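Undergrad: curious how this folds, go ahead:
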Amino acid sequence: MILDTYMYLDYKEAREGLTVNEILKELEEHPDYGGGGIHQGEYTVLKEAARNPEIGEMVLYCQSNHMGFDSGTAACTFKNPKENSYYVVYRGTGDGEWPDNGIGMTSTATMQQERALSYFEEVVEALELGEQDHLVVTGHSKGGNKAQFVTMETRYGELIDVCYSVDGQGFSEKAIERWQEKYGEEEYEKRREKLYGIHGENDYVSVLGNPVIPENHIRYVKTPVEKSNFAGYHDIKYMFAALVYDKAAKSYVTAFGGRKNSDVKGRGELGSYAAALSAQVMELKAEQRDGCAEVVMQMMEAFGGEKKKGLNGERLTLSDLKDFTFQGIPLIAGSFLEKEEGKRLLQAIRHKESFSGGLSGTIRLLTDDAILRRQAQNVEALSESLKKLTEKIRETADGIPLYMKGHDGIYHSIKLSAIELDKRNRDLLRIAEFVGSAAQKYRKWNEQW
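TA: Numbering: from 1, shown residues only. Below you'll find the model as predicted:
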């Protein structure tokens, strides 16, 4: 987990062969690290942990950015010089990689997963790793997903001793079915047994997709995060954090250390809600799930990354937006009202002092279903107008004299236009039907709650 945290330093200038302590020394006065900047939290975790020589003397090798890999494939390898122990480490979602996460919810493999596999196998061959070596694969978030993928997919699977996925998401049913068919049940289970999950108690990424990590191999870690810091629930450094009372400020502040927090019994309110919502999303048809996932991931890319499209050119389509509007939004709204996990999360949000306590008071979904009904009526009226226009176009086509119907294809072009308008009209009717149905559901929810 310390090495996973190292990846978020994003220190691409580190030289091969340096120890963790030597790298930290270089960053001691850097304004972004030891100087108190954007990566001070990660730097502090590493500096405290590196007091342990077993960590501080780890040697850096095989940085992916030195091997010709793209910016999303951020990985490196560490060696314990006193043992034949190697750690292949993947960082979380890089700039431009968010759409690739969505593709992984429906595909057998993604381009970034395949690149992570290529990196691993190049490292095995370059360092001439063998059965005499102790080999660990690990990563946080998407890095954890890549670590799992590599362990399940590589032709060097027998060399991997263990995989630790920290807050790493799962896979599509297609990916799991492919591995089961590829290996057979015995070999499939043998590879799964090497997978271990370490998840934050309120992490919302590890619950995505279908898990391949055995349930009894998963641990949950205490993550003290202020409720307003949503990103912190998925930030690995908060697994090394504590809330400390500052007498001068007369308030609690976050302090980072070099030891992992204690384990907890299970997920917290946010983690439980995210798991329940993810299970509902995975029940959608693959094409609808793909659209919902792509919209969410592209939004994450727009908010958090420099790229406005995926690393491999992925872009949103109108179909994706339709799936998210008609499937994703009602599903999310309903999950807060109809699922116990959603109710408990709302309660936790309302009571700042604690994540526990029963649901009190009344929750209302303040939606004006009358507006939705009017929208449905407007779409139906538009459909009727389009129907009349289509009839006039057909009448015009039929009124063309027989001797002109073959001239320059005018007749057939007009007929094709009418056919195309019929298709658009059917789309409008489906939209009107959906909006009307949504209005009925919202009215029912408002009456109930």
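
Undergrad: and stretch 42-56, which residues are buried?
TA: In terms of neighbour count (16 or more other Cβ atoms under 10 Å), stretch 42-56 has its buried residues at Glu42, Tyr43, Thr44, Val45, Leu46, Lys47, Glu48, Ala49, Ala50, Ile55, Gly56. Backbone N, C-alpha and C define where each C-beta goes, glycine included.

Undergrad: who does the strand or helix carrying the second one touch, helix- and strand-wise?
TA: Assigned by DSSP states H and E, Tyr43 falls within helix 40-49. Using 3 or more Cβ pairs under 8 Å, 6 or more residues apart in numbering; DSSP states H and E as the contact criterion, the elements in contact with helix 40-49 are helix 2-6, helix 20-26, strand 251-256.

Undergrad: could you check how far the shortest one is from the centre of its chain?
TA: The gap between where helix 2-6 is centred and where its chain is centred comes out at 20 Å by Cα atoms, centre = their mean, to the nearest Å.

Undergrad: do stretch 17-27 as well
TA: Its chain's C-alpha centre and that of stretch 17-27 lie 31 Å apart, by Cα atoms, centre = their mean.

Undergrad: buried ones in that stretch?
TA: For stretch 17-27, a neighbour-count test (16+ other Cβ under 10 Å) marks Leu18, Thr19, Val20, Asn21, Ile23, Leu24, Leu27 as buried.

Undergrad: now tell me what touches it from outside.
TA: Applying Cβ atoms under 8 Å, 6 or more residues apart in numbering, the contact partners of stretch 17-27 are 6, 9, 11, 14, 33-34, 43, 46-47, 50, 55-61, 78.

Undergrad: what's the answer for stretch 177-186, then?
TA: By Cβ under 8 Å, 6+ apart, stretch 177-186 touches Thr108, Met152, Glu153, Tyr188, Arg191, Val212.

Undergrad: widest-spaced pair of the buried residues of stretch 17-27?
TA: Within those, Thr19 and Leu27 form the most distant pair, 13.0 Å apart (Cβ to Cβ).

Undergrad: so where is the chain shaky, pLDDT-wise?
TA: Counting by pLDDT under 70, the chain contains low-confidence residues at 95-96, 281-369, 402-409, 445-449.

Undergrad: just the strands in it please.
TA: Ranges of strands in the chain, per DSSP state E, are 59-61, 75-80, 85-90, 134-140, 160-166, 195-200, 218-221, 241-246, 251-256, 263-264.

Undergrad: summarise which helices and strands the last one is packed against.
TA: Packing partners of strand 263-264 (3+ Cβ pairs under 8 Å, 6+ apart): strand 218-221.

Undergrad: partner strands of the strand it packs on and their direction?
TA: Strand pairing for strand 218-221, determined by DSSP bridges: strand 195-200 (parallel), strand 263-264 (antiparallel).

Undergrad: the longest one vs strand 134-140, what angle?
TA: Read that as strand 195-200. 40 degrees (axes from the mean of the first three to the mean of the last three Cα atoms, to 10 degrees).

Undergrad: run the chain-centre distance for strand 195-200.
TA: With Cα atoms, centre = their mean, you get 16 Å for strand 195-200.

Undergrad: ok, the shortest one next?
TA: When distances are taken as Cα atoms, centre = their mean, strand 263-264 is centred 23 Å away from the chain's centroid.

Undergrad: residues touching that strand, excluding its own?
TA: So strand 263-264 is contacted by Glu201, Arg219, Tyr220, Val221, Lys222 (Cβ under 8 Å, 6+ apart).

Undergrad: am I right that the fourth one is in contact with Phe240?
TA: No. Counting by Cβ atoms under 8 Å, Phe240 is not a contact partner of Val221; they are 9.4 Å apart.

Undergrad: now the common contact residues for the two.
TA: Residues touching both Val221 and Phe240 (Cβ under 8 Å, 6+ apart) are Lys260, Asn261.

Undergrad: in terms of neighbours, single out the busier of these two.
TA: Phe240 (25 against 21; other Cβ atoms under 10 Å).

Undergrad: so what's that one up against?
TA: Here Phe240 is in contact with Met1, Thr5, Val45, Glu48, Ala49, Phe256, Gly257, Gly258, Arg259, Lys260, Asn261 (Cβ under 8 Å, 6+ apart).

Undergrad: now it. Nearest residue, chain neighbours left out?
TA: In space, and not counting its chain neighbours, Phe240 is closest to Val45: 4.7 Å by Cβ to Cβ, 6 or more residues apart in numbering.

Undergrad: ok, now Arg155?
TA: Nearest residue to Arg155, sequence neighbours excluded (Cβ to Cβ, 6+ apart): Glu121, at 7.2 Å.

Undergrad: where exactly do the helices run in the stretch 101-250 of the chain?
TA: With helices called from DSSP state H, counting those that start in this stretch, the stretch 101-250 of the chain shows them at 111-126, 142-153, 173-192.

Undergrad: buried residues in the longest one?
TA: Neighbour-count burial for helix 173-192, counted by 16+ other Cβ under 10 Å, picks out Ala175, Ile176, Arg178, Trp179, Tyr188, Arg191, Arg192.

Undergrad: between that helix and helix 111-126, how many degrees?
TA: With the same axes, to 10 degrees defining the directions, helix 173-192 sits at 30 degrees from helix 111-126.

Undergrad: again, but for the shortest one
TA: Relative orientation of helix 142-153 versus helix 111-126 (the same axes, to 10 degrees): 60 degrees.

Undergrad: helix 142-153: how far from the chain's middle?
TA: Mean-position distance between helix 142-153 and its chain equals 14 Å (Cα atoms, centre = their mean).

Undergrad: check which helices and strands that helix sits against.
TA: strand 85-90, helix 98-103, helix 111-126, strand 134-140, strand 160-166, helix 173-192, strand 195-200.
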